[in-house]
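In: what follows is a predicted structure for the sequence shown.
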Amino acid sequence: MSYHMFFWFNLAEGHELPPVARNLHAFADELIAEDLLVSMTPVATRHLHPVLDTATDIAQLYFTKMTFRDLKQANASVKRLYGPGGESGNLHTSIIAQVTDAVFLCAQETP
């Protein structure tokens, strides 16, 4: 079953969304090419709807969702980034510097 990682963030001072979004998609493309990710949604900007958006404790303005085939693929992606001998790469390091207030939420589809 698919495994999803939701990524909410704000932009670090001095950074704009278009280049950050391009870096995120380039990074996702690297992971897809290495069979470590299935897809990533376009980066979206939060819309503070007066009725539908009830998450008043979340201050992040931007989000995206990465989809993995399953938990095994997600774990392989984490190992590639942070495991022994792992290489996070320049794009990942660059993205970390361009965002702030990062929040990650993971969910696995249920049958």
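Out: All right, it came through fine. The structure displayed is predicted, hence computed values, not measured ones. Numbering: from 1, shown residues only.
In: report all helices and strands that the helix or strand bottoming out on mean pLDDT in the chain contacts.
Out: Using mean pLDDT, DSSP states H and E, helix 89-98 stands out as the lowest-scoring helix or strand of the chain, at a mean of 86. Under the contact definition 3 or more Cβ pairs under 8 Å, 6 or more residues apart in numbering; DSSP states H and E, helix 89-98 sits against helix 17-33. In short, each C-beta sits where N, CA and C put it, glycine included.
In: who touches whichever helix or strand comes after the helix it packs on?
Out: Once helix 17-33 ends, the next helix or strand along the chain (criterion: DSSP states H and E) is strand 39-40. Residues outside strand 39-40 that contact it (Cβ atoms under 8 Å, 6 or more residues apart in numbering): Leu24, His25, Ala28, Ile32, Thr64, Lys65, Met66, Thr67.
In: how many other residues sit next to the third one?
Out: Using other Cβ atoms under 10 Å, Ala28 has 20 neighbouring residues.
In: next up, the contacts around it.
Out: Going by Cβ under 8 Å, 6+ apart, Ala28 touches Leu37, Ser39, Met40, Met66.
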